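Participant: return atomic coordinates for the entry below.
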Amino acid sequence: MINRYIKYSFAIITLLIILSISCDSDTPTIPETRLLEPIAEIDLSSILSEPSGIVYNSLSNSFYIISDTLPKIFEIDLTGNLLKSVQVNANDLEGITLSKNFDTIYVVEESDNLVTSFLLNGTKINSYSVDVSTNSTNGLEGITIDANNYFYVLNEKLPRYLVKLHNEVEISRTEITAADDLSDVCYDSVLDCLWIISDESEKILKVTKSGSVISEWQIPFSKGEGITLVNNKIYVVQDSNAKMYIFNKPNS
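Facilitator: Below you'll find the predicted structure:
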């Protein structure tokens, strides 16, 4: 009888171990939060105020940055020098990304919940609505595009949604609960995942494309409003002091 009990207990324990190992990688877990310190900072205040989004153009080796106070797109080099700026027909700009061939700029307009596209010279191509926000002050905040031309758009909060789109059609929406708000998102082509920054929680999150949190890091400031990747570096623009902070991209 005792031997049968021992064998039964061993079988149960073995089954639990197997189940824990074989869990899908997309299953939500509680990641360890670590501190991520910037290795450098660049003052952009002579170029623009309140930067709200950033994207890297590997073709020109430059950044495109937007501000929620000006209807302009600013191009700067990696050391923060202004290369040019173009006026655009848009309002309340909060996120920016580029097409895969770098000939089209996409932005989100928070108050109107719009995704809008432009040529590099600022000529407007199109706008369409992404109707997820419950008020105009907590609307669309970030946008990025993956290797398969799927768009990922953030709603800041109320609710905090990651919305997946293709050809202007919503594919899915997932609530991100690991941060108090969602400020910007960028696609990682090396790891095939997304990086999200939160202004209010002072966090950077690494998430799957379906929205499950893989890892998270605290950063030593609030008002981080834009995030992009350049090789093994993360670049963040801060709204309040118009600075760009550079971080080493974490390995895990």
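
Participant: what ranges does the stretch 101-250 of the chain have for its strands?
Facilitator: 104-109, 114-119, 124-129, 140-145, 151-155, 161-166, 169-175, 184-188, 193-198, 203-207, 213-218, 224-230, 233-238, 243-248 (DSSP state E, counting those that start in this stretch).

Participant: between the third one and strand 140-145, how big is the angle?
Facilitator: Following axes from the mean of the first three to the mean of the last three CA atoms, to 10 degrees, one obtains 120 degrees for the angle between strand 124-129 and strand 140-145.

Participant: ok, the second one next?
Facilitator: Note on geometry: by the same axes, to 10 degrees, strand 114-119 and strand 140-145 are set 50 degrees apart in direction.

Participant: neighbouring strands for strand 114-119, and are they parallel or not?
Facilitator: When sheet partners are counted by DSSP bridges, strand 114-119 sits next to strand 104-109 (antiparallel), strand 124-129 (antiparallel).

Participant: and if you look at the last one?
Facilitator: Within its sheet, and counting by DSSP bridges, strand 243-248 is paired with strand 40-43 (antiparallel), strand 233-238 (antiparallel).

Participant: buried residues in the last one?
Facilitator: Right, the one you point to is strand 233-238. I234, Y235, V236, V237, Q238 (16 or more other CB atoms under 10 Å). Where you see a C-beta, it was placed from the backbone N, CA and C, and this is true even at glycine.

Participant: could you do stretch 142-154 as well?
Facilitator: The neighbour-count criterion (16+ other CB under 10 Å) identifies G142, I143, T144, I145, D146, Y150, F151, Y152, V153, L154 as the buried residues of stretch 142-154.

Participant: check the offset of it from the chain's centre.
Facilitator: Stretch 142-154 sits 9 Å away from the centroid of its parent chain (CA atoms, centre = their mean, to the nearest Å).

Participant: gap between the two ends of it?
Facilitator: Start and end residues of stretch 142-154 are separated by 5 Å (CA to CA, to the nearest Å).

Participant: next: stretch 215-230.
Facilitator: With CA to CA, one end of stretch 215-230 sits 19 Å from the other.

Participant: from the chain's centroid, how far away is that stretch?
Facilitator: Averaged over its C-alpha atoms, stretch 215-230 has a centre that lies 9 Å from its chain's centre (CA atoms, centre = their mean).

Participant: same check, this time on stretch 148-162
Facilitator: What separates the centre of stretch 148-162 from the centre of its chain is 9 Å, taken as CA atoms, centre = their mean.

Participant: end to end on it, go ahead and measure it.
Facilitator: Between the start and the finish of stretch 148-162 there is a gap of 17 Å, counting by CA to CA.

Participant: and for stretch 235-242?
Facilitator: Calculated as CA to CA, the first-to-last residue distance of stretch 235-242 is 13 Å.

Participant: same question, stretch 94-103
Facilitator: Taking CA to CA, stretch 94-103 runs 20 Å from one end to the other.

Participant: could you give the average pLDDT over that stretch?
Facilitator: Confidence over stretch 94-103 (mean pLDDT, whole number) is 97.

Participant: buried ones in that stretch, by neighbour count?
Facilitator: By neighbour count, and taking 16+ other CB under 10 Å as the criterion, the buried residues in stretch 94-103 are E94, G95, I96, T97, L98.

Participant: which one of the buried residues of stretch 142-154 is nearest C186?
Facilitator: Closest to C186 out of the buried residues of stretch 142-154 is T144 (5.0 Å), distances taken as CB to CB.

Participant: just to revisit the earlier point, with pLDDT and distance to I47 added, can I get the buried residues of strand 233-238 in CSV?
Facilitator: Compiled in CSV, those are given as follows (pLDDT from 0 to 100; distance: CB to CB, whole Å):
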residue, pLDDT, distance to I47
I234, 98, 20
Y235, 98, 15
V236, 98, 16
V237, 98, 11
Q238, 97, 14
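
Participant: and the residues you listed, which two are the farthest apart?
Facilitator: Taking every pair in the buried residues of strand 233-238 and measuring CB to CB, the maximum separation is 13.1 Å, between I234 and Q238.
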